Structure formats: C-alpha cells, structure tokens
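Asks: Sequence unavailable; structure follows:
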C-alpha cells in the first residue's frame, strides 16, 4: 500500500511539473492577437516609421501617407524610388535628386545609365550605387569610383563603421576609406541578404544567419527554426533582433515566437517603445500588442560631481575633492514592465554589502573619505535573476594632499620663473658685454689696419722725387708738363688721403688711384718704363669692393726690383684684373725684370708684401712666382674673395 501511495505521489509531482512547463511555454507565446487596422491605398510600401508624436508615416512610390490611429491619408505628393534614414533624417531618392523630408533640402544631380539601388553619406560626401559602379557626387555630377560592382555580385547593404564605408554584397565585403579600398573579404557561404543594426552586421542565406565580426562569419543558433521555414527578412523589434519567415517572427535570443496574421512574402515590420508591433503586407496594415518576459538592461545614465557631469566611460572616475557630492543616475530598461524592476547598489571598499532592493532613481554619496572604490549596480524583475552593470572604479584624492601638491607646483613654478628671469638677465648682460668686446675688437682691428695702410703709403723719397721733377720742369719753362704732373700728383694725394679713412673702396676707385701712381712713376723713370691695364668684361668695377692699398705695393715692388734692374729702355709692368668665378677676383701684376733668382740680394720679398698678406688674411691669397711664358720677370698673383 505504501508503495502504491509513493507511486501516486510521484505521478502527481510529474503532472505538476508538466503543467508548470506548459504554462511557462505558453507564457512565452503572445497573449494578444493581430488586429487589422486598415488598408493602405498603395500596394507597395517602400518604408514606414513612427514619429515622436506616435504618428505612422508611409513612403510609397507616389508619395507620403500618414496614419493618425483611424485613417491613412496621403499627405505629400512625391516620386520615391528609395527612402533611407541617415543620421536621424529621412532622405528620399528619385532618378535625379535627393530630398530631405524634414527640412525640404533638395540635392540634384545628373542622370546616369543604370538605376540607383542604394545611397549613403560618408566623409562629407554622397555616394550612390548602381549595378555597375559606385559613384561619388561632385557638384551636380556623379563621378564613378574605381570600384566596379560587377566583380562583387549583387549589392545588399551600405554600412559606415570605424570611419570606413562598408559595401556588402552577395559575394563579399569591400571596405573603403578616403576614396581608397582598404579591405576585401570573400564569403565561404552563399549569402542572399544583409541586415545592419546596432553596429552589428547579420548576413543570412535561406537556412542560416551569420554575424560578421573581426573579418569572420560566425553562425548563430537557429534551432528553433523548423526545417521547412525560410527566412524572408531580419529587423529590429522592441530593441531585439528578429527574423521573419512566411508565418512567424523569431527572436535571435530565442525568447519568444509570434505567429503572423497571414502568410507573408515581403513584410515590413517596426515596433514602438510600449510594445506595439506594426506589420504591413501587400497593402494591409496590422497591429499586435506584444509583451514578453525579458531580462532588465542595467546601465548608468550619468554621474554628477558637485553638479558637474563626469565622463565615467574611462576606466577610473577621479574625484579630486573628498568633500564632493556624487550623484549617480541608473538607467534600467525592461520591456515587460518598469514597475517590476528592483535595483540595489554597492560601493565596494566603503559599504559592507548591497543595499536593499528599491526603485530609487538616484544614488547619492557625500563626504566620501579619500581612497579607491568600485561602484556596482544590479537590477532584477520578479521573474528574473539580477543583471549587473559594468563596474566603475572610483578614486577620491585627499584634499590636504591636493593642497600640498598645488603648493609644490606653485613653488616649482616660482622657482622656474625666477631661474628663467635670472638666465634672461644674465644672457642680456653677457650679450651686451660681448657686443662691447666685439666693438672694441673691431675698433682695434681698424686701427691696426689703418696703421698698416699708413705703412704702405708712399715714402718721402718718392714724393720728394716727384716734386723735384715738377720743379725742374718749371725751371726749364716746360709749363705744360709741369701743370699736367702737378694736377696728377694733387689727384693722387687726395685719393690716398681719402682711402685712409675707408675700410673698403670700389675697384674703380682703386684703378683710378693706381693709374695716377703709375703716371707719376713713368714720369720718374722715362724713357725706360711703360705700363698697361687690362680689365676683363666680366668685371663690374663699380660694384666690386676691396680693401685699399693692396695692389699699389705689388706695383711698387715690380718697378723697384724688376724694371729698374734691367738698365734698358723696354721696362714694362702689366696689371690684369679678371673674375675667376662669382665670388673670386684675380689681380695680376707682371713685370719683365730679371726674375726671382737674380734679385735675391734686392730683397724682393719686402716688408710691404708681408703686410699685404696679413691684410688679406683668410679672404684671399698672394703668390709671387717667376713668369711661365718664357719671358724673364715676376708675376705677383693676388686673389680676393668678393
């Protein structure tokens, strides 16, 4: 008897479990039925959506229609080929223009051969896709890109993600950035449709759905789908991804199933926040009020610290003042009913345990001690377990430490500023000292240079000989020559005195001075002396500047040690001036004397030549050699940088 009772009790428990299981399954099915609201005047609906005022709008090829809860009326005459929601605004495409239905903005463009099948906005440019090419709008013209669509199969969708434009087709995915193709991916499976939602890309064939992630296709579980059902489309219903067959709506998380009111071939389906599902099929318009048990979504909407919004998306929330007031605003979403939500929180490191479940809309902390904490938030419904938000690290700094830190920063700033000021003052003083020293060095060099110039000037014997010759001309009544050479001598003396005060003179002034000097030398050495000047055409004597009294000592040396030692009447000195290149001037003084070997005892390398070399320094060179043209004599070659 006991055995029989035990068996009956087991059967009763099994029956109870079965009943509970059936009730649970039934609870996952829809409670309400589809209700046909009305017929839509057009058979083909391109797109429809719900506005902020809960009014439903439909876009058909011939215009825009609206549903106010009772009737569907045409509100705008339009020619629509395609309608897309881009950045929260609806754009209507026809053969040669884009129209913004909200602002009325119209963009026109030239017609092309093939009809446009899709469009999008990316990197501040409009892109249009046909069956042959991808086009970019430039002005009023559609410019074809390098991408040829015939190579990638049938187009399925556009997607803008990670600052790139993805073009999804039946054979692969092409990713573009800055008008360049960056990635090409081919499928291993036959793909017929694509759906983009919440930064996710779903690709599906008649019997499978794949999620595209990290350049790979990952299959999703479709065990709830019967073998003879084919997926027609994928959409977003009540913030959940759902796929539609001819007879049912399935949710990707397998949370529930909805029977459709009729067999469908091309359904359009949307939902609103209160649980209504709207379905359009072949001009018929249906409503379904749908609720199912779902897990709450737990997030934090915002965090205020002393009234200021804080960015809590970083790893750590840094609060610099321990006296602050921290206000945390949770955001709990549940599709069943917001009245069922129970929430609790826990500041790990400060509180010992979770707070009691409540429906509070705000969590406040005041005067938290300095330290490191972790804020945790969770929520549940009567029928679900707790769901958790991402934890947030909180670090509160000690106010006194912050003050000390600021004092240290201030002290270092003052120290740095003082150092900079001291360095600036020192640098200015040092610069002034260097400038004074430089001026003194320049003045000293000028005095030394002047002294050397004075050393190179005519000796008293030359001047005495010139004046004696002029006096002799006067004595023999040769007044014409006396006046001539007196005028030359006066000009020579004036030019010599003027050059004493100048650092540099023009080459033309130097030539005039040398000509005066040579005329006087010719007067003293007639009839056994003559001279010549040769200035090449590439020499601009007026613009070239040289130091004074550089050439005259070379001429004097040539006359004294070359011409006078010949004891003949054919003594000659040639002065040749030419440019070697753009920055180098060559002055040659050539005599026809006995040469260097025969004049060693005449001290050919005189003091004047040594002074000339010193004055040239690093700005030139002086070379004295025997002539190389087969004629006896010396060539003094002076090279000067100009």
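Replies: Cool, the structure landed. This is a predicted model, so every value here is computed, not measured. Numbering: from 1, shown residues only.
Asks: What are the boundaries of the helices in the stretch 251-400 of the chain?
Replies: 399-456 (DSSP state H, counting those that start in this stretch).
Asks: Show me where it dips below the pLDDT cut-off.
Replies: 254-255, 272-275, 289-295, 313-315, 322, 334-340, 382-384, 398-400 (pLDDT under 70).
Asks: Could you confirm residue 561 falls within a strand?
Replies: No: according to DSSP: H, G, I helix; E, B strand; the rest coil, the state of residue 561 is helix, so it is not within a strand.
Asks: Give me the pLDDT value at the residue nearest to residue 187 when sequence neighbours are not counted.
Replies: Spatial nearest neighbour of residue 187, excluding adjacent residues (Cβ to Cβ, 6 or more residues apart in numbering): residue 172 at 5.9 Å. C-beta: built from backbone N, CA, C; applies to glycine. Note on residue 172: pLDDT of 83.
Asks: Do I have it right that residue 172 meets residue 184?
Replies: Yes: between residue 172 and residue 184 there is a contact under Cβ atoms under 8 Å: 6.4 Å.
Asks: Residue 617 and residue 547, how far apart?
Replies: Counting by Cβ to Cβ, to the nearest Å, the gap from residue 617 to residue 547 is 10 Å.
Asks: So between these two, which is more surrounded?
Replies: Legend: neighbour count by other Cβ atoms under 10 Å for residue 617 and residue 547, higher for residue 547 (22 against 8).
Asks: so what pLDDT did the more buried one get?
Replies: 89.
Asks: And it, how far from residue 415?
Replies: For residue 547, the distance to residue 415 - Cβ to Cβ - is 53 Å.
Asks: Please apply the same query to residue 626.
Replies: Where residue 415 is concerned, residue 626 sits at a distance of 73 Å (Cβ to Cβ).
Asks: So which of these two has more stuff around it?
Replies: residue 626 (14 against 10).
Asks: contacting residues for the residue nearest the centre of the chain?
Replies: The structure's the chain has its C-alpha centroid closest to residue 178; by Cα atoms, centre = their mean the separation is 13.9 Å. Going by Cβ atoms under 8 Å, 6 or more residues apart in numbering, residue 178 touches residue 123.
Asks: Would you mark the buried spots in stretch 539-549?
Replies: 539, 544, 546-549 (16 or more other Cβ atoms under 10 Å).
Asks: do stretch 619-639 as well
Replies: Buried, per 16+ other Cβ under 10 Å, within stretch 619-639: 620, 622, 624, 627, 633-639.
Asks: gap between it and the chain center?
Replies: 63 Å (Cα atoms, centre = their mean, to the nearest Å).
Asks: Strands - which of the buried residues of stretch 539-549 land there?
Replies: residue 546 (DSSP state E).
Asks: out of the buried residues of stretch 539-549, what pair is the most spread apart?
Replies: Within those, 539 and 549 form the most distant pair, 19.7 Å apart (Cβ to Cβ).
Asks: separation between the residue nearest to residue 302 when sequence neighbours are not counted and residue 394?
Replies: Nearest residue to residue 302 in three dimensions, chain neighbours excluded: residue 329, at 5.1 Å (Cβ to Cβ, 6+ apart). Distance, residue 329 to residue 394, using Cβ to Cβ: 15 Å.
Asks: okay, the two: which has more neighbours?
Replies: Neighbours per residue, other Cβ under 10 Å: of residue 329 and residue 394, the larger number sits with residue 394, 24 against 12.
Asks: pLDDT score for residue 640?
Replies: Residue 640 is given a pLDDT of 92.
Asks: quick one: contacts for the spatially closest residue to it that is not a sequence neighbour?
Replies: Sequence neighbours aside, residue 620 is the residue nearest to residue 640 in space, at 4.1 Å (criterion: Cβ to Cβ, 6+ apart). Neighbour list for residue 620: 638-641 [criterion: Cβ under 8 Å, 6+ apart].
Asks: which of these lies closest to residue 302?
Replies: Nearest member of the contacts of residue 620 to residue 302, counting by Cβ to Cβ, is residue 641, at 75.4 Å.
Asks: show me what contacts the closest residue to residue 592 other than its chain neighbours?
Replies: In space, and not counting its chain neighbours, residue 592 is closest to residue 633: 4.3 Å by Cβ to Cβ, 6+ apart. By Cβ under 8 Å, 6+ apart, the contact set of residue 633 is 562, 590-595, 626-627.
Asks: Now the two most distant members of these.
Replies: 590 and 594 (13.8 Å).
Asks: Tabulate the buried residues of stretch 619-639 (TSV), appending secondary structure.
Replies: What follows is the buried residues of stretch 619-639, written out as TSV (three-state DSSP):
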residue	secondary structure
620	strand
622	strand
624	strand
627	coil
633	coil
634	strand
635	strand
636	strand
637	strand
638	strand
639	strand
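Asks: farthest pair in the residues you listed?
Replies: 620 and 633 (22.6 Å).
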